[in-house]
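J.: Requesting a structural model of the entry that follows:
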Amino acid sequence: TRLWCVYEIAVAQVGGIPIRILPMSVYVLMFVTQMYGSAASLVKLLLTAADPEAPPGEVVLRDIFVMTPIFALAAHSGHTFATVHAKLQEQFESFDVRHAAISVESDRSFIFDSIEEMFDGSLDNFNKTVRTTLKTAAMRGLTGHRAMLPYRSILLLSMSAMPLWFSVWSSQSHEAVPVYCRVPRYIFGATLVACGYPL
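T.: The predicted structure is shown next:
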């Protein structure tokens, strides 16, 4: 922890300015996952256009081959987020302003005096605030995100994908795909539209 950054945290706490933690590695992984998802969907579209008469088994194998990396990336993103979350929790619990690093040692006493002045003459009061109040608010901001739109609104928007799924289901019934292959597709499509797209 850098001491000048800690000083900025102290000023923000006294001023009632909210602090939000943004784990960039997690957001980059989520972006990569979404970009791969777009590319994989395009590949699936091109493969389907190139061979529209492919047997159902081959189509399923292509889907598995193209889509599996998305699930691997999503799992890796989740693991990375869990690791970051645990590390932040540990850092908050062991926080001590006295152990913060600083480039110019002569600044240390000035910063300590300023923080003591803001927190009733005690660095321990600041440490306690960081370990309790700031930790609770920051961790809630990290894990307690709420969508900007209510679920119902997003669900309504995702309904625009239903014609696509009706088309997929209809083509499967015309291609004489066995029922045991069609039913999982029906469930997958409905679940994706109702849960996957909105989330």
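J.: so what secondary structure elements neighbour the worst-scoring helix or strand of the chain on mean pLDDT?
T.: Here the helix or strand of the chain ranked lowest by mean pLDDT, DSSP states H and E is helix 162-174, holding a mean of 71. If you count contacts as 3 or more Cβ pairs under 8 Å, 6 or more residues apart in numbering; DSSP states H and E, helix 162-174 packs onto helix 179-191. All C-beta atoms are positioned from the backbone trio N, CA, C, and that covers glycine.
J.: Using CSV, write out every CA atom in the helix it packs on.
T.: The C-alpha trace of helix 179-191 is given here as CSV (Å, rounded to 0.1, in the frame of the first residue of the first chain):
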residue,chain,number,x,y,z
VAL,A,179,-37.3,-35.7,-29.6
TYR,A,180,-34.5,-36.5,-27.1
CYS,A,181,-32.3,-34.0,-29.1
ARG,A,182,-35.0,-31.4,-29.5
VAL,A,183,-36.2,-31.2,-25.9
PRO,A,184,-32.8,-30.1,-24.5
ARG,A,185,-32.6,-27.4,-27.2
TYR,A,186,-36.1,-26.1,-26.2
ILE,A,187,-35.1,-26.0,-22.5
PHE,A,188,-31.7,-24.4,-23.4
GLY,A,189,-33.3,-21.7,-25.6
ALA,A,190,-36.0,-20.7,-23.2
THR,A,191,-33.5,-20.7,-20.2
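J.: That one: which residues count as buried?
T.: 182, 185, 189 (16 or more other Cβ atoms under 10 Å).
J.: any idea of the angle that helix forms with helix 162-174?
T.: Interaxial angle of helix 179-191 relative to helix 162-174 (axes from the mean of the first three to the mean of the last three Cα atoms, to 10 degrees): 180 degrees.
J.: average model confidence for helix 179-191?
T.: Here helix 179-191 scores 77 as its mean pLDDT.
J.: ok now it, how far from the chain's centre?
T.: Centre-to-centre, helix 179-191 and its host chain are 28 Å apart (Cα atoms, centre = their mean, to the nearest Å).
J.: Closest one to residue 120 out of the buried residues of helix 179-191, please.
T.: Distance to residue 120, by Cβ to Cβ, is smallest for residue 189 among the buried residues of helix 179-191, at 60.2 Å.
J.: Contacts only, for the spatially closest residue to that closest one that is not a sequence neighbour.
T.: Spatially, and ignoring its direct neighbours in sequence, residue 189 is nearest to residue 165 (3.8 Å; Cβ to Cβ, 6 or more residues apart in numbering). By Cβ atoms under 8 Å, 6 or more residues apart in numbering, the residues touching residue 165 are 189-190, 192-193.
J.: Mind doing that once more with 10 Å?
T.: Contact analysis of residue 165 by Cβ atoms under 10 Å, 6 or more residues apart in numbering lists 185-186, 188-190, 192-193.
J.: and residue 53, which of the three is it?
T.: Recorded secondary structure, residue 53: coil (DSSP: H, G, I helix; E, B strand; the rest coil).
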